[in-house]
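Participant: Here you go, sequence then predicted model.
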Amino acid sequence: MSEKTFEPGIHHIEFWVANLEESIEFYRQLFSIIGWKQLNETAFSTGKTEIYFKEIDAELVRTLGPRHICYQAMNRSVVDEVASFLHNVQATIIRGPIEVKEYSEGYYTVDFYDPNGYILEVVYAPNMEM
């Protein structure tokens with residue numbers, strides 16, 4: 001039996017949310033646009049990274065977390081499609097879609113809030129070195 005090889009990276013991210021049903025519906029639509037697959041009732045994956053959701057009483061938890069999570073788009077039209085989705089669900093858009101040349105040539109982004117106030121970004125960054 002061969003041993004599976006792993007790469008360094010993020011294994012999973014857990015989102016604590018106030019309303020599981022609302023969050024799953026929002027992310028089901030968003031992730032279908034940017035190429036993530038739904039694994040089960042509460043989880044999504046790219047095949048390398050998993051995000052899952054857990055409903056929790058926000059009054060019990062007081063934590064600070066990352067400023068935002070940025071998802072890579074495969075092209076500019078994906079960013080535009082995400083922006084259209086955000087308008088349709090009346091999400092709050094922070095900026096974009098907009099090209100931000102200070103970051104890198106062709107950096108095309110939309111930043112927004114999810115239903116729980118998480119700040120998210122979807123970007124097409126063809127010239128950015130990682």
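Facilitator: All right, it came through fine. Numbers count the residues shown, from 1 in each chain.
Participant: Okay, strands next: where are they in the chain?
Facilitator: Using DSSP state E, the strands found in the chain span residues 12-17, 37-38, 43-45, 50-55, 69-72, 93-99, 108-113, 119-124.
Participant: so who does the residue lying closest to Arg67 once chain neighbours are set aside touch?
Facilitator: Excluding the flanking residues, the one nearest Arg67 by CB to CB, 6 or more residues apart in numbering is Ile119, at 6.3 Å. Where C-beta positions appear, they are placed from N, C-alpha and C, glycine not excepted. Going by CB atoms under 8 Å, 6 or more residues apart in numbering, Ile119 touches 67-69, 94, 111-113.
Participant: The same query, at a cut-off of 7 Å, please.
Facilitator: Ile119 makes contacts with 67-68, 94, 111, 113, as judged by CB atoms under 7 Å, 6 or more residues apart in numbering.
Participant: coming back round to it: possible to save the strands of the chain as a markdown table with distance to Glu25?
Facilitator: Formatted as a markdown table, those follow (distance: least, CB to CB, whole Å):
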| stretch | distance to Glu25 |
| --- | --- |
| strand 12-17 | 11 |
| strand 37-38 | 11 |
| strand 43-45 | 12 |
| strand 50-55 | 11 |
| strand 69-72 | 18 |
| strand 93-99 | 18 |
| strand 108-113 | 15 |
| strand 119-124 | 15 |
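Participant: Ok, which of these comes nearest Phe31?
Facilitator: Closest of those to Phe31 is strand 43-45, at 5.0 Å (criterion: CB to CB).
Participant: Can you lay out the strands of the chain as JSON lines showing distance to Ser23 and mean pLDDT?
Facilitator: Output for those, formatted as JSON lines (distance: least, CB to CB, whole Å; pLDDT from 0 to 100):
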{"stretch": "strand 12-17", "distance to Ser23": "4", "mean pLDDT": "88"}
{"stretch": "strand 37-38", "distance to Ser23": "13", "mean pLDDT": "96"}
{"stretch": "strand 43-45", "distance to Ser23": "11", "mean pLDDT": "95"}
{"stretch": "strand 50-55", "distance to Ser23": "5", "mean pLDDT": "91"}
{"stretch": "strand 69-72", "distance to Ser23": "14", "mean pLDDT": "92"}
{"stretch": "strand 93-99", "distance to Ser23": "18", "mean pLDDT": "97"}
{"stretch": "strand 108-113", "distance to Ser23": "12", "mean pLDDT": "96"}
{"stretch": "strand 119-124", "distance to Ser23": "12", "mean pLDDT": "94"}
